[in-house]
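[1] For reference, the sequence and a predicted model appear below.
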Amino acid sequence: MAWLLAFLNQNSAAVTAVATVVIAVASCINARIVSFEKRREKAARMPILTFEEQLGPGGTWRDVYVKNIGYGPALNIVRKVLDAPNFVVCDRDKAFALGALGPTEKVYALAATQCGVSGVSILDDPRFHAVVECDDVHGEHYEFVYKNRILTLTSICRRRMTTAQASRI
């Protein structure tokens, strides 16, 4: 034991350098763990909204729903259809408030539309363009854009379509 104390006394600068490196590595690992936990927590409460389509009675009408496939609730949902060229859409370019959705819930989002081309799905039309905005439980805002058969998610800092300005379905 005496030889260890003598070694430490003679090499105190080296011991301090090794201790500093160990503390720095531990701090980096801790920061990575905290960052991972924050991302996991955000994913656990984040809503993910997608569109779902169903045929109406007689097969000539198609209804579009917004469905929450995320783990967290979606609050203050507003949707706007920007383009649906092959279909008669009664409320094009008008924002509509849809309320709130829990995980796996869906809500009627688009007035029943008559098929412009028989048997063609609204969501399969590459020109169909719709935007949905919502909030999560911590006040973060999300925008979901469905265009060219692709759904993109963006975290936004300010809402473009507020629920106060939107009409109710």
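    Cool, got the structure.
[2] CA atoms for contacts and neighbours, from now on please.
    Will do.
[3] Residue most distant from the centroid, the protein?
    Relative to the centre of the chain, the most outlying C-alpha is that of residue 2, 62.2 Å out, by CA atoms, centre = their mean.
[4] downstream neighbour of the top helix by length along the chain in the secondary structure list?
    Scanning the chain for the longest helix, with DSSP state H as the assignment, gives helix 12-45. As assigned by DSSP states H and E, the chain's next helix or strand after helix 12-45 is strand 49-55.
[5] buried ones in the longest helix of the chain?
    residue 45 (16 or more other CA atoms under 10 Å).
[6] per-residue confidence averaged over that helix?
    Mean pLDDT, computed over helix 12-45, is 86.
[7] Give me the phi and psi for the residue farthest from the centre of the chain.
    phi -70, psi -40 (degrees, to the nearest 10).
[8] And the strands in the chain?
    Assigned strands in the chain, in chain order: 49-55, 61-68, 74-83, 87-88, 96-101, 106-115, 129-135, 141-147, 150-156, 167-168 (criterion: DSSP state E).
[9] just to revisit the earlier point, can you check what angle separates the longest helix of the chain from strand 74-83?
    Helix 12-45 and strand 74-83 are oriented at 70 degrees to each other (axes from the mean of the first three to the mean of the last three CA atoms, to 10 degrees).
[10] what packs against helix 12-45?
    The helices and strands touching helix 12-45, judged by 3 or more CA pairs under 8 Å, 6 or more residues apart in numbering; DSSP states H and E, number zero.
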